[in-house]
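# Sharing a model that was predicted from the sequence below.
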Amino acid sequence: MKTKTLKRINQKGFTLVELLVVIVILGILAALIVPRLLNQTQQAETAEAVQMLGSIRRNINSFVDSSNGAAVPAIAANNAADPGWRQVGMSPLPATSRYLYTTPGGALAAGLLVTAANNVTPANTITIDLFDGTLTCNGGYTPVADAQGRVVRCAV
């Protein structure tokens, strides 16, 4: 009887059942956490697009102010050869960015938009009105408004 007790004390490690229980618990936790993390990535991408649209809007408004009301140049989607980017004081974005930013150009007035189209799902777009800064969420994006009712971001 003494030898059995001594053998048990000298055994190290975990049983197969204990390992399986830990693996199942980790699997359940991963199943709960991973979808939330994926959604956060998409939210960060839309926030990036909204920030870039704001930056483009500010640069275009600065261009119009400094050039005595000149027309807004047309800007092609992330095209490095397009002179419109440099006219408004911006470097062209790489064609590999998550969104393609375009504007048709013309006089700065209500309704002149800059569009950010998602590279993966082109129907998902975010637009900003260059005149008043109004954001619009289209496709799979849902507008999120602040207390005053202004759209401040687009949720996935």
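Looks like it arrived, so ask away. Numbers count the residues shown, from 1 in each chain.

# From here on, just use CA atoms for contacts and neighbour counts.
OK.

# Pick out the residue nearest the middle of this structure.
Compute the mean C-alpha point of the chain, and by Cα atoms, centre = their mean the closest residue is residue 45, 1.1 Å away.

# So for it, what's the pLDDT?
Listed pLDDT for residue 45 reads 85.

# Following the helix or strand encompassing it in sequence, what is the next regular element?
Using DSSP states H and E, residue 45 sits in helix 16-66. Per DSSP H and E, the first helix or strand lying C-terminal to helix 16-66 is helix 83-87.

# Tell me how far the helix holding residue 45 lies from the chain's centre.
Computed by Cα atoms, centre = their mean, to the nearest Å, the chain-centroid distance of helix 16-66 equals 7 Å.

# Renumber starting at 6 from here on
Got it, the first residue is 6 from now on, which makes the last one we talked about helix 21-71.

# helices and strands around it, which ones?
Other elements packing on helix 21-71 under the criterion 3 or more Cα pairs under 8 Å, 6 or more residues apart in numbering; DSSP states H and E are strand 118-123, strand 130-134, strand 156-160.

# Against which helices or strands is the helix or strand just after the second one packed?
Just to be clear, that refers to strand 130-134. Past strand 130-134, further along toward the C-terminus, the next helix or strand under DSSP H and E is strand 140-142. With contacts defined as 3+ Cα pairs under 8 Å, 6+ apart, strand 140-142 has these neighbours: strand 130-134, strand 156-160.
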